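In: Sharing a model that was predicted from the sequence below.
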Amino acid sequence: MPEQTGATTFHLGKHRDSVQAALARLDRQRFLDRFLAKDPTLWKTDDETARVVRNRMGWLDVAAMMRDQVAGILRFADQLRGDGFKHVVLLGMGGSSLPRCPSPDLQARPGPSPASRSGQHRS
């Protein structure tokens, strides 16, 4: 029998019991609440890991932080258009850092892989 979560149905077959056990364990550990709170003890308990985990989980609330910046970003874009800019290059890591934008003018092109850049540096 498939498991259903919201609008998604999972056909787990022979893995059903182990998946349900893992989900129950995560629930007992309050994993989601702790994850959203950037709790580093979900992984390790040392201070260095705690610092790194909190830093790397900033994406969890970046949307809320940026909401207050929208007006300034729009003013900046208007200023650039007024100054005659027609093209912008957005640099990022690729993958999930590429913007999801409804603009037909936006073209996301991944850069060359690190392997393809080997030998392109100068001494």
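Out: Ah, there it is.
In: only C-alpha atoms for contact and neighbour calcs from this point on.
Out: OK.
In: Where does pLDDT dip in the chain?
Out: 1-6, 92-123 (pLDDT under 70).
In: Break it down into its structural domains.
Out: 1-30, 38-86 (automatic domain parsing).
In: For the ones you listed, give me TSV that also has mean neighbour count.
Out: As requested, these are exported to TSV (neighbours: other Cα atoms under 10 Å):
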stretch	mean neighbour count
domain 1-30	11
domain 38-86	12
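In: In terms of helix, strand or coil, where does residue 9 fall?
Out: Three-state assignment for residue 9 (DSSP: H, G, I helix; E, B strand; the rest coil): strand.
In: how far away is it from residue 63?
Out: As judged by Cα to Cα, to the nearest Å, residue 9 and residue 63 stand 29 Å apart.
In: in this structure, which spans are helices?
Out: Assigned by DSSP state H, the helices in the chain fall at 16-28, 31-36, 47-56, 62-67, 70-82, 114-117.
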